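[1] Below: sequence and its predicted model.
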Amino acid sequence: MTTRRTFLTSAGIAGAATLASPGIVRAQDAIKWRFQTYAGSALGEHVTKPAIDYINANSNGELEVELFYADQIVPTGELFQALQRGTIDGVHSDDDSMASPTPLRVFGGYFPFATKHILDVPVLFNQYGLSEIWDEEYAKVGVKWLSAAGQDPCNFNTKKEITSVADLDGLKLYTFPTAGRFLSKFGVVPVNIPYEDAEVAVQTGELDGMAWSGITEDYTVGWADVTDYFLTNNISGAWIGSWFVNQGRWAELPDHLKSLVMAATEAGHTYRNQWYWGGEAALRANGEKLALRQVPANEWKEVENAAIEFWDEIAQEGEVHQKIINIFRDYNGVINQAGAPYTFD
């Protein structure tokens, strides 16, 4: 006959096995993703890795995401194609850099003067309707758009001193496609090279600097070591970038893991907001590598006015373009009436 002690011992072993087995099965059957970011390794530690770490730490072995930095699997300009065909499963990038085949491409990265601060981006997406537009347009091309967020402003770090708009003329700058298209109106020569090559390109004279980031990024990735000046005027108050997943891979994911990915993405947004915002202030105030310069506001107005004409130009390119430009105009109308701190005046 089974004694009470034998029964309890057997039940304990069986119970432990029952409790442990789901974890073992999940570990054996883990969903594995390869995820590439637009950012190099130094920057990626802050802009992408925190969210990936969040997923891996909280998925209980059910989802394992391997992170790759800029150009490690495919060049940044081929990210969209690689995502679409499933070469990679997830991407963190702006639409412009990854050569999105949608009308949204021109608005990713730094669209001239569409934003003034980092928090403008989530407001535009969540309160002014950009989320619905991004979701619809990417669904048409077989990619799941997850979320967008702001990052740093688009300032200039250069070898040459900039104290007037005229000083932009002839500068060879590493910048985003749309930003370069806009800046070419002032004589800037946009240069397109791999992200990790930009620092050396300044040292060899191929570049005069970058119109790519704020000062936090300049210090983090080493650009402050090879340039001398930081222009506090910017052409955009915040980078617009998104998280994307291959549509098929997203559809395969159980709902609870979808919720985890979204929570991780939003947590990553929160971290970047404070990291950039605090870093921009601290490094302007206390950084010792870049001398700050400023073009007088009344002269920089020439650049701002050119952006208004640029918006009109872009709006003519299609129905979606017009819709997004109208949203930017509506939002700018609101913040201009609101005044500081929503505007710089």
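    The structure has been received and is ready for your questions.

[2] Where in the chain is the helix or strand with the lowest mean pLDDT?
    One helix or strand of the chain scores below all others by mean pLDDT, DSSP states H and E: helix 4-28, with a mean of 42.

[3] Contacts for whichever helix or strand comes after that one, please.
    Under the assignment DSSP states H and E, the closest C-terminal helix or strand after helix 4-28 is strand 31-37. Strand 31-37 has contacts (CB atoms under 8 Å, 6 or more residues apart in numbering) with 44, 47-48, 52, 62-70, 72-74, 79, 82, 88-93, 249, 252-253, 257. In short, each C-beta sits where N, CA and C put it, glycine included.

[4] One more pass at 7 Å, please.
    44, 48, 52, 62-70, 72-73, 79, 88-93, 249, 253 (CB atoms under 7 Å, 6 or more residues apart in numbering).

[5] Of those, which belong to strands?
    63-68, 90-93 (DSSP state E).

[6] Now pLDDT too, for those, in JSON lines please.
    Converted to JSON lines, the ones in strands among the contacts of strand 31-37 look like this (pLDDT from 0 to 100):
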{"residue": "Leu63", "pLDDT": "98"}
{"residue": "Glu64", "pLDDT": "98"}
{"residue": "Val65", "pLDDT": "98"}
{"residue": "Glu66", "pLDDT": "98"}
{"residue": "Leu67", "pLDDT": "98"}
{"residue": "Phe68", "pLDDT": "98"}
{"residue": "Gly90", "pLDDT": "98"}
{"residue": "Val91", "pLDDT": "98"}
{"residue": "His92", "pLDDT": "98"}
{"residue": "Ser93", "pLDDT": "97"}
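
[7] Mark which of those are buried, thanks.
    63, 65, 67-68, 90-93 (16 or more other CB atoms under 10 Å).

[8] Please identify the buried residues of the helix ranked longest in the chain?
    Identified as the longest helix of the chain according to DSSP state H is helix 255-286. With burial defined by 16+ other CB under 10 Å, the residues of helix 255-286 counted as buried are 257-258, 260-261, 264-269, 271-273, 275-277, 279-280, 283-284.

[9] And for stretch 88-106?
    For stretch 88-106, by 16+ other CB under 10 Å, it's 88-100, 102-106.

[10] quick revisit: which single one of the buried ones among the ones in strands among the contacts of strand 31-37 is nearest to Trp243?
    Nearest to Trp243 among these is His92, at 5.4 Å by CB to CB.
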